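Q: What would the 3D arrangement of this be:
(chains A and B)
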There are 2 protein chains.
Amino acid sequence: MKTASIEFIRPTLSDIKRAQQKVSRYTHVTPILTSESINEISGAKIFFKCENFQKIGAFKMRGATNAILSLHPDNRAKGVATHSSGNHAQAVALAAKLSGIKAFIVMPKNSPEVKQKAVAHYGAEIILCDNTLEARQKALEETVERTGAIFIPPYDDYAVIAGQATVAKELIEEIESLEAIITPVGGGGLLSGTALTTSYLSPNTPVYAGEPANADDAYRSFKSGKLLPVENPNTIADGLKTSLGVRNFEIISELVQDIFVVSEEEIIDAMRLVWERMKIIIEPSSAVAVAAVIKNPDVFAKKQVGLIITGGNVDLSKLPF
Amino acid sequence: MKTASIEFIRPTLSDIKRAQQKVSRYTHVTPILTSESINEISGAKIFFKCENFQKIGAFKMRGATNAILSLHPDNRAKGVATHSSGNHAQAVALAAKLSGIKAFIVMPKNSPEVKQKAVAHYGAEIILCDNTLEARQKALEETVERTGAIFIPPYDDYAVIAGQATVAKELIEEIESLEAIITPVGGGGLLSGTALTTSYLSPNTPVYAGEPANADDAYRSFKSGKLLPVENPNTIADGLKTSLGVRNFEIISELVQDIFVVSEEEIIDAMRLVWERMKIIIEPSSAVAVAAVIKNPDVFAKKQVGLIITGGNVDLSKLPF
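A: This is a model prediction of the structure:
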């Protein structure tokens, strides 16, 4: 199956700079916020890079935009395709719309109606399938076969990684002398991109990740040195249920300092804390990184910490508090 | 009973400029946000002045700060007092703490524990009383008698009004050529301050207000030309249950263009819309102004509208959706 990436090697600093130029056409430079009371609680000085204010409400817009704009115009002509029930679906749909091409999104039948509506609102064609990985892959392959569209992977792709890497680029360029950077980790697109950017622009700043204990494949893979799949993930942080990608794992193994796991209760407490103190809506996946900082004062206290808030897409009818 | 205001006449532009200098010592210049999708829905181009990001999570910090810093040092020595179950309590407590003086806050016994804790966290002495206006006033009078503290009224006071007037000053100075400005109205502190500032700095810009239909005393007073009290207010917008103040009504009668009422359902829908599309937490009182803009396209569509988001203090355990 043809995939989006025209880049076959790990993104260089030049690749990330080019990605920034492309991505800036369709995305916001998101604000960086601070909270005195969360600093007090954590003991750290945290700079929250707020991708919840990004287009489609999540950083995924960057990777999808860079992947689509990196396609040769001939390859782009028949449109793009992906499978996702989450933010990547909306990101590909909107980036395709803004690029003037078609998008075909394979979504599980049971994905929330609000997410299907959002994707349809961007003019994408939705292909419904059963909610198994096999069914999704089969539906995607048939769609690509039928339409000639190019597959835009959600994270295991260098063009996508270079797009996600632009978050850390903006963060490091705005806040000097960060002593730690942390993101959540699911498939590893954001974490690997963040680690790459940091290795180029601020090589002495260690990069960390937070992961739900109930979906701890990145933690286990990182600690064992072998890529292990996620097993029965059951976490409120629905964006982090995916298994780590191959390219992502390679970069993370090499460039990430450590991965911390947090419990469901810690995730919910951190989410509520940010909502109450900062008056911003973050999704549970973002709260995973916040919880990891609060849980590990030996690592983060007294440090200037850059923390990537990944998104703010939450079903308000199903809040955990 | 001695009250805070040393200013016996309606605030002039100079008074508001002096208030800005005082207020800036303890408050943030809050950001102004926009939302493409809410613009699309309303037909207007809305500039949201986000006082939910203000200290204590609401604009009330401005009025309390200006009132306290306007006191003669001799009057300030014995502390300040007020009665409030809401944002004004926290505002007086924090402004007093930052000014290095004592605060005595009369709160109804049934006020949420989280609000009592916040007030206590700022070092204020809490005096609990029954939840009737009479009990609150009696407890306040006894407290003032006992302590010699000066009463800081929540809205019917020129120093408080001048403090709240600084929100519109920042808004008008940052966004040129606003064609309408709208705030919610409860006691009228913010609305009268906004109307004064606008009359000085942008006299051709009409000022509007939104009010819950279930607590419509400002609407009825404005339409009849007589100050009428609120009757059995029953609205989710708990900050707007109070009756309009005397000084506030005078200014509003003269300088406000119109007041629009909205239903409880419209308030909840607008609140949800802002949470979902803007990823920021606003309290129901703020949503009243948003609902009024959406409900009245004949007034607001195609216009540049400044809208004051008053606060973000919401009990997350008791959400209406």
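Q: quick one: furthest residue from the center of chain A?
A: Within chain A, the residue lying farthest from the chain centre (Cα atoms, centre = their mean) is A:Arg146, at 28.9 Å.
Q: Distance from the helix or strand containing that one to the middle of the chain?
A: In the assignment (DSSP states H and E), A:Arg146 maps to helix A:133-147. Taking Cα atoms, centre = their mean, to the nearest Å, the mean C-alpha location of helix A:133-147 is offset from the chain mean by 23 Å.
Q: A:Ala287: what secondary structure?
A: Under DSSP: H, G, I helix; E, B strand; the rest coil, the three-state class of A:Ala287 is helix.
Q: In contact with the closest residue to it other than its chain neighbours, which residues are there?
A: What sits nearest to A:Ala287 in space, not counting adjacent residues and going by Cβ to Cβ, 6 or more residues apart in numbering or on different chains, is A:Met271, at 3.7 Å. No exception for glycine: its C-beta is placed from N, CA and C like everyone else's. A:Met271 sits next to A:Ile282, A:Glu283, A:Pro284, A:Ser286, A:Ala287, A:Val290, A:Pro320 when contact means Cβ atoms under 8 Å, 6 or more residues apart in numbering or on different chains.
Q: I figured the fourth one hits A:Val314, correct?
A: No: A:Ser286 is not in contact with A:Val314 according to Cβ atoms under 8 Å; the separation is 9.8 Å.
Q: Looking at the two, which one has more neighbours?
A: Counted by other Cβ atoms under 10 Å in any protein chain shown, A:Ser286 and A:Val314 do not tie: A:Ser286 has more neighbours, with 33 against 23.
Q: what residues are up against the more buried one?
A: Taking Cβ under 8 Å, 6+ apart, we find A:Ser286 in contact with A:Asn52, A:Pro184, A:Met271, A:Val274, A:Ile308, A:Ile309, A:Thr310, A:Gly311, A:Gly312.
Q: Could you report the neighbour count for A:Ile175?
A: A:Ile175, neighbours per other Cβ under 10 Å, totals 18.
Q: Help me confirm that A:Ile41 comes into contact with A:Leu273.
A: Yes: with contacts counted by Cβ under 8 Å, A:Ile41 reaches A:Leu273, the gap being 7.2 Å.
Q: In terms of neighbours, single out the busier of these two.
A: Neighbour totals were compared for A:Ile41 and A:Leu273, and A:Leu273 leads with 19 against 16 (other Cβ under 10 Å).
Q: Against A:Ser37, how distant is that one?
A: As judged by Cβ to Cβ, to the nearest Å, A:Leu273 and A:Ser37 stand 9 Å apart.
Q: Could you count how many residues lie near A:Ala135?
A: A:Ala135 is flanked by 16 other residues according to other Cβ under 10 Å.
Q: Run through the residues that contact the residue lying closest to it once chain neighbours are set aside.
A: Closest residue to A:Ala135 apart from its sequence neighbours, by Cβ to Cβ, 6+ apart: A:Cys129 at 4.6 Å. Taking Cβ under 8 Å, 6+ apart, we find A:Cys129 in contact with A:His83, A:Val106, A:Met107, A:Pro108, A:Lys109, A:Ala135, A:Arg136, A:Lys138, A:Ala139.
Q: Does A:Ala195 belong to a helix, a strand or coil?
A: A:Ala195 - assigned by three-state DSSP - is helix.
Q: Return the per-residue confidence for the most centrally placed residue in chain A.
A: Centroid-nearest residue in chain A, with Cα atoms, centre = their mean: A:Leu190, separated by 4.6 Å. Per-residue confidence (pLDDT) for A:Leu190: 98.
Q: so which strand or helix has it?
A: Here A:Leu190 sits within helix A:189-201, counting by DSSP H and E.
Q: Just list the residues touching A:Leu86, thanks.
A: One correction, residue A:86 is Gly, not Leu. A:Lys60, A:Lys115, A:Asp238, A:Gly239, A:Asn313.
Q: Out of those, which is nearest to chain B?
A: Nearest to chain B among the contacts of A:Gly86 is A:Asn313, at 8.4 Å by Cβ to the nearest Cβ.
Q: Counting neighbours, what do you get for the nearest residue to that closest one once chain neighbours are set aside?
A: Residue nearest to A:Asn313 in three dimensions, not counting chain neighbours: A:Gly57, with 4.5 Å by Cβ to Cβ, 6+ apart. Neighbour count for A:Gly57, taken as other Cβ under 10 Å: 25.
Q: A:Gly57 and A:Gly312 touch, don't they?
A: Yes: using Cβ under 8 Å, A:Gly57 is in contact with A:Gly312, at 5.0 Å.
Q: so what's in contact with these two at the same time?
A: Contacts common to A:Gly57 and A:Gly312, judged by Cβ under 8 Å, 6+ apart, are B:Lys279.
Q: wait, what's in contact with A:Val299?
A: A:Val299 neighbours (Cβ under 8 Å, 6+ apart): A:Ala180, A:Tyr208, A:Asp258, A:Phe260.
Q: Tell me the spacing between it and A:Thr34.
A: From A:Val299 to A:Thr34 the distance is 19 Å (Cβ to Cβ).
Q: How about the residues of chain A by chain B?
A: With the criterion set to Cβ under 8 Å from any Cβ of the partner chain, chain A comes near chain B through A:31, A:52-53, A:57, A:272, A:275-276, A:279-282, A:312, A:316-317, A:319, A:321.
Q: any chance you could map the strands in chain A?
A: In chain A, the strands defined using DSSP state E lie at A:32-33, A:45-50, A:80-83, A:103-108, A:125-129, A:150-151, A:180-184, A:207-212, A:258-262, A:304-309.
Q: What are the buried residues along the fifth one?
A: This means strand A:125-129. By neighbour count with 16 or more other Cβ atoms under 10 Å in any protein chain shown, strand A:125-129 contains the buried residues A:Glu125, A:Ile126, A:Ile127, A:Cys129.
Q: quick check: longest helix of chain A.
A: helix A:158-174 (DSSP state H).
Q: The residue in the stretch 1-150 of chain A that chain B sits nearest to - how many residues pack around it?
A: As assessed by Cβ to the nearest Cβ, chain B sits closest to A:Asn52 within the stretch 1-150 of chain A, at 4.5 Å. Using other Cβ under 10 Å, A:Asn52 has 25 neighbouring residues.
Q: likewise A:Leu228?
A: A:Leu228 has 18 neighbours, counted by other Cβ under 10 Å.
Q: and if you look at the one 5 residues further on?
A: Around A:Pro233 sit 18 other residues, with neighbours defined as other Cβ under 10 Å.
Q: one step back: give me the angle between the longest helix of chain A and helix A:189-201.
A: 50 degrees (axes from the mean of the first three to the mean of the last three Cα atoms, to 10 degrees).
Q: helices or strands next to helix A:158-174 in the packing?
A: When contacts are defined as 3 or more Cβ pairs under 8 Å, 6 or more residues apart in numbering or on different chains; DSSP states H and E, helix A:158-174 sits against helix A:13-23, strand A:45-50, helix A:60-69, strand A:180-184, helix A:189-201, helix A:246-255, strand A:304-309.
Q: List the contacts of the second one.
A: Applying Cβ under 8 Å, 6+ apart, the contact partners of strand A:45-50 are A:30-35, A:38-39, A:167, A:170-171, A:175, A:178, A:278, A:280, A:293, A:303-309.
Q: Give me the buried entries from these.
A: Counted by 16+ other Cβ under 10 Å, the contacts of strand A:45-50 give A:30, A:32-33, A:35, A:38, A:167, A:170-171, A:175, A:178, A:278, A:280, A:293, A:303-309 as buried.
Q: if we take the buried residues of strand A:125-129, which one ends up nearest to B:Gly163?
A: Set against B:Gly163, the nearest of the buried residues of strand A:125-129 by Cβ to Cβ is A:Ile126 (51.8 Å).
Q: Any stretches of chain A with poor pLDDT?
A: Applying pLDDT under 70 to chain A flags residues A:1-8.
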